[in-house]
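Undergrad: Give me a model of this one.
(4 chains)
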Protein chains: 2
Amino acid sequence: MASIRDVAERAQVAVSTVSAALNGTRPVAAGTRRRVEQAAAELGYRPSPLARGLQGGRTRILALLFPAPRGGFGLTQMQFVTGAAETARELGHHLLLSAEHADPIEELRHLTGLGLVDGVLLMEVGLADERVEFLLEAGIPFSMIGRTRDPGRVDHADIDFAATAREAVAHVAGLGHRKLAFFELPADRHAAGYGPAVRAGAEFAGAARAAGIGYVAGFRPGSPEEGGQAFERLVTAHPDVTALAVMGDRAAVGVLAAVAARGWRIPGDLTLLLVSSSSRVAEMFHPRLTTLEPPSAELGGLAVRMLIDRLDGDGPPARKLLPCRLVVGDSSAPPRRRKEAGA
Amino acid sequence: MASIRDVAERAQVAVSTVSAALNGTRPVAAGTRRRVEQAAAELGYRPSPLARGLQGGRTRILALLFPAPRGGFGLTQMQFVTGAAETARELGHHLLLSAEHADPIEELRHLTGLGLVDGVLLMEVGLADERVEFLLEAGIPFSMIGRTRDPGRVDHADIDFAATAREAVAHVAGLGHRKLAFFELPADRHAAGYGPAVRAGAEFAGAARAAGIGYVAGFRPGSPEEGGQAFERLVTAHPDVTALAVMGDRAAVGVLAAVAARGWRIPGDLTLLLVSSSSRVAEMFHPRLTTLEPPSAELGGLAVRMLIDRLDGDGPPARKLLPCRLVVGDSSAPPRRRKEAGA
DNA sequence: AGCCCCCGTCGAAACGTTTCGCACAACGTA
DNA sequence: TACGTTGTGCGAAACGTTTCGACGGGGGCT
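TA: Numbering: from 1, shown residues only, chains lettered A, B, ... in the order given. Now for the predicted structure:
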């Protein structure tokens, strides 16, 4: 562990000059700078984040606050983390994983009061999130994966549900379907103010209307059982529905089982879309479901990038919305003839 | 951010006395200690990890090295991370997530050379792992989730495949099955020296022999397609097999499809076990598969605990093997009569 | 009663950085 | 020629902690 003093000695300059030369914080003669840089390279010198942070500068450590697995963590969340970690690494930063326990605010106060981290990354952000308020008030730099209801001043990267819904609707409409149903996330997610739960439904409704196709919603199955029941109610009440978009893996399992139990086949009798789930999950199904896969890793990386940009200098708040990627599987097909004829 | 000086002033003692009182590193009079503790509490004082680390002590930061998602990261790996993060938190430590890129050794050198972390957590450990050698040689404290072929001197927490295999075999034998087949992880995982890939096969063979039931192996399907093909070959070559344990979600998907294609039912015609997969994944299947679920979160936590113990003082190397938990689903049943009669 | 020893406390140095005021030389200008 | 102005470089202080040598006083032993 070569220190800045070693570099200074080898380059025959003062310690402060080394700092200036390496950080470009003050003008340094070209020759001197070269000598310093060479000495640093030869010694394999790397400044200590500890000392840097202590002095009042930055530690180059970012904290990713992640909620304790309540309903259990999915692949999507996992990919936020890996994406964030990789981008942080690329940008010369470290990522601290901070497990959120009972009281997130206390946790945040704890974490930021230490002076260990330069900024915070929030995920699983609610429409109204107390953590956001706290961070804003405390003046701690942060960015979000997801967003609050009104994220005006805050950097964030989130799924573009409007574009996602448009793409999904275009897909089924292009196949010839005239009526689409949508199963939302379970009610407790809505109650918790979970952004995707609320936004997806609204955007799908809007997209269907804009595309001029029929739309049925109001189902919020949370388990396989509820998924199956919701499907039964759906086909009873709306026998003309030929395409169904489901949000939530567990509900989709139930739907698939109910479809099979009814003697229907996918995609012959029903086109099924899995919304906002990893394609890795989609291929667990049989047939492989057409999926709208959230760009989780990208979002995680984006959020890191935004946070670092904010730390470096402050421009206007950055916002980036990325649509889900449509991965066409074996569950998409034109609607069955019977219905067309009946219409 | 109250500093130790503030505490010292308020308690009317020297800075060094505060340090001694709070850390118990030197005897301090009971009254003084009380005063110091009270002052610290009133000020909400918390020592700076930065300053601590700089001084030469510990930073209380642990690094979790996690490999870039090659085959894609599963829920199991995710749970290592969450388990580790939570335990670290409980034990007053921080967890740094370090994404491993192309050259893991370089990454390690990079990370540890900074003096930022006290120790390292390794996951996805191979039978012969270069990272282990490096850390051992460099004298850097570490522990493993998983283990090398000969982990003698190194702290580690891993799955107890022997016990897991015994339990799985006991389960199917208890149901009345007389012949068990086992689908291993794909060949590339074996080639990479991935511990679970190698150990599981050996232990299942041993357990079946010990239990006196038939055993068929040699299949290493990596994809749903290969899973289906393996199943076809299996039933052709060994029609008397009534129970099958599969390792790997993707292969299981294919098996399930092939079973259905053949007109068989689960569990009526075949008892199917999913080995070493999250029960969260198991319930994606229909029917819900009986699973041997690895205690991932516990293992992650255990590894953290071991590392911290090692940091605190050195006892003999700790090793902890935990069996997978048997979660009985709807894919377990006594063997079909037809075969019994035929035998 | 005097001496010694130990308990308890203090002050200073050190860890590796950055920052800030200052000094010094060379240069152009008055 | 003398003076301000740049352009460079230096040294010291500060960040918050731990550690270690030193010091003072009170009690026990002779």
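Undergrad: And the helices in the stretch 101-250 of chain A?
TA: Under the criterion DSSP state H, counting those that start in this stretch, the stretch 101-250 of chain A carries helices at the ranges A:104-113, A:130-138, A:161-175, A:187-191, A:195-211, A:224-237, A:249-261.
Undergrad: I'd like these written out as JSON lines, with distance to residue B:14 and mean neighbour count added.
TA: Just so you know, the C-beta spots here come from the backbone N, C-alpha and C atoms, and that holds for glycine as well. Formatted as JSON lines, the helices of the stretch 101-250 of chain A follow (distance: least, C-beta to C-beta, whole Å; neighbours: other C-beta atoms under 10 Å in any protein chain shown):
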{"stretch": "helix A:104-113", "distance to residue B:14": "24", "mean neighbour count": "17"}
{"stretch": "helix A:130-138", "distance to residue B:14": "32", "mean neighbour count": "16"}
{"stretch": "helix A:161-175", "distance to residue B:14": "60", "mean neighbour count": "20"}
{"stretch": "helix A:187-191", "distance to residue B:14": "55", "mean neighbour count": "14"}
{"stretch": "helix A:195-211", "distance to residue B:14": "52", "mean neighbour count": "20"}
{"stretch": "helix A:224-237", "distance to residue B:14": "65", "mean neighbour count": "19"}
{"stretch": "helix A:249-261", "distance to residue B:14": "60", "mean neighbour count": "22"}
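Undergrad: closest to residue A:298 out of the ones you listed?
TA: Ranking the helices of the stretch 101-250 of chain A by their distance to residue A:298 (criterion: C-beta to C-beta) puts helix A:161-175 first, at 13.8 Å.
Undergrad: And for that closest one, what's in contact with it?
TA: In this structure, residues lying in contact with helix A:161-175 by C-beta atoms under 8 Å, 6 or more residues apart in numbering or on different chains are A:180, A:196, A:199-200, A:202-204, A:206-208, A:210-211, A:213, A:243, A:245, A:271, A:273, A:275-276, A:290, A:292, A:321, A:323-324, A:326, A:328, A:332-335.
Undergrad: and it, C-alpha only, in CSV?
TA: Once non-C-alpha atoms are left out, helix A:161-175 reads as follows in CSV (Å, rounded to 0.1, in the frame of the first residue of the first chain):
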residue,chain,number,x,y,z
PHE,A,161,-45.1,1.9,-18.3
ALA,A,162,-46.7,4.0,-20.9
ALA,A,163,-44.4,2.8,-23.7
THR,A,164,-44.5,-0.7,-22.3
ALA,A,165,-48.3,-0.8,-22.4
ARG,A,166,-48.3,0.6,-25.9
GLU,A,167,-46.0,-2.0,-27.1
ALA,A,168,-47.9,-4.8,-25.4
VAL,A,169,-51.2,-3.6,-26.8
ALA,A,170,-49.7,-3.2,-30.2
HIS,A,171,-48.4,-6.7,-30.1
VAL,A,172,-51.8,-8.3,-29.3
ALA,A,173,-53.7,-5.9,-31.6
GLY,A,174,-51.2,-6.7,-34.4
LEU,A,175,-52.1,-10.3,-33.9
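Undergrad: How many residues are close by residue A:125?
TA: The local packing of residue A:125 (other C-beta atoms under 10 Å in any protein chain shown) involves 22 other residues.
Undergrad: dump the residue contacts of the closest residue in space to residue A:260 that isn't next to it in sequence.
TA: Distances taken as C-beta to C-beta, 6 or more residues apart in numbering or on different chains place residue B:286 nearest to residue A:260, at 7.7 Å, with adjacent residues excluded. Taking C-beta under 8 Å, 6+ apart, we find residue B:286 in contact with A:253, A:256, A:257, A:260.
Undergrad: For residue A:178, give its distance to residue A:265.
TA: Counting by C-beta to C-beta, to the nearest Å, the separation of residue A:178 from residue A:265 is 20 Å.
Undergrad: Compare these two and say which one has the larger neighbour count.
TA: Residue environment comparison for residue A:178 versus residue A:265 gives the larger neighbour count to residue A:178, 17 against 13, counting by other C-beta under 10 Å.
Undergrad: Surely that one and residue A:334 touch.
TA: No. With the criterion set as C-beta atoms under 8 Å, residue A:178 and residue A:334 do not qualify as a contacting pair; they are 11.0 Å apart.
Undergrad: thinking again about what came up before, will you turn the helices of the stretch 101-250 of chain A into a markdown table that also has mean pLDDT?
TA: Output for these, formatted as a markdown table (pLDDT from 0 to 100):
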| stretch | mean pLDDT |
| --- | --- |
| helix A:104-113 | 90 |
| helix A:130-138 | 94 |
| helix A:161-175 | 97 |
| helix A:187-191 | 93 |
| helix A:195-211 | 96 |
| helix A:224-237 | 96 |
| helix A:249-261 | 93 |
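Undergrad: between these, which one is nearest to DNA strand D?
TA: Using C-beta to the nearest atom of the strand as the criterion, the shortest distance between DNA strand D and the helices of the stretch 101-250 of chain A is 10.6 Å, found for helix A:104-113.
Undergrad: Contact residues of the stretch 51-200 of chain A facing DNA strand C?
TA: On the criterion C-beta under 7 Å from any atom of the strand, DNA strand C has as its neighbours in the stretch 51-200 of chain A the residues A:51, A:52, A:54, A:55, A:56, A:57.
Undergrad: Show the model's pLDDT score for the fifth one.
TA: Yep, that's residue A:56 we're talking about. Reported pLDDT at residue A:56 in the predicted model: 87.
Undergrad: Phi, psi for it please.
TA: The phi/psi pair for residue A:56 (degrees, to the nearest 10) reads phi 120, psi -10.
Undergrad: Share the number of residues neighbouring it, please.
TA: Burial of residue A:56 is recorded as 7 neighbouring residues (other C-beta under 10 Å).
Undergrad: try the second one
TA: For residue A:52, the count of nearby residues is 16 (other C-beta under 10 Å).
Undergrad: Quick check, residue A:42 in contact with residue A:6.
TA: No. Applying C-beta under 8 Å, one finds residue A:42 not in contact with residue A:6, separated by 10.0 Å.
Undergrad: mind listing what the residue of the stretch 101-250 of chain A found nearest chain B touches?
TA: Chain B sits closest to residue A:116 of the stretch 101-250 of chain A, with a gap of 5.4 Å, by C-beta to the nearest C-beta. The neighbourhood of residue A:116, defined by C-beta under 8 Å, 6+ apart, consists of A:53, A:59, A:61, A:63, A:96, B:48, B:49, B:50, B:94.
Undergrad: Filter those residues down to the ones in strands?
TA: Per DSSP state E, strands hold the following members of these: A:61, A:63, A:96, B:94.
Undergrad: Let me know the pLDDT of the second one.
TA: Spelled out, it's residue A:63. For residue A:63, the pLDDT comes out at 97.
Undergrad: before we move on, what about the third one?
TA: The per-residue pLDDT reported for residue A:96 equals 96.
Undergrad: wait, isn't it in contact with residue A:59?
TA: No. Distance between residue A:96 and residue A:59: 9.5 Å, which falls outside the contact criterion (C-beta under 8 Å).
Undergrad: Need the residues touching each of those two.
TA: A:116, A:117.
Undergrad: Now stretch A:301-316: average pLDDT?
TA: Mean pLDDT, taken over the full extent of stretch A:301-316, equals 93.
Undergrad: Give me the contact list for that stretch.
TA: Counting contacts by C-beta under 8 Å, 6+ apart, the residues outside stretch A:301-316 that touch it are A:58, A:62, A:80, A:83-84, A:86-88, A:91, A:93, A:95, A:118-121, A:123, A:141-145, A:155-157, A:318, A:320, A:322.
Undergrad: which one among the ones in strands among the contacts of residue A:116 gets closest to DNA strand C?
TA: residue A:61 (14.7 Å).
Undergrad: Any idea what the closest one is bridged to?
TA: With DSSP bridges as the criterion, the beta-bridge partners of residue A:61 are residue A:94.
Undergrad: shouldn't it be in contact with residue A:97?
TA: No. The criterion here is C-beta under 8 Å, and residue A:61 misses it with residue A:97 at 11.1 Å.
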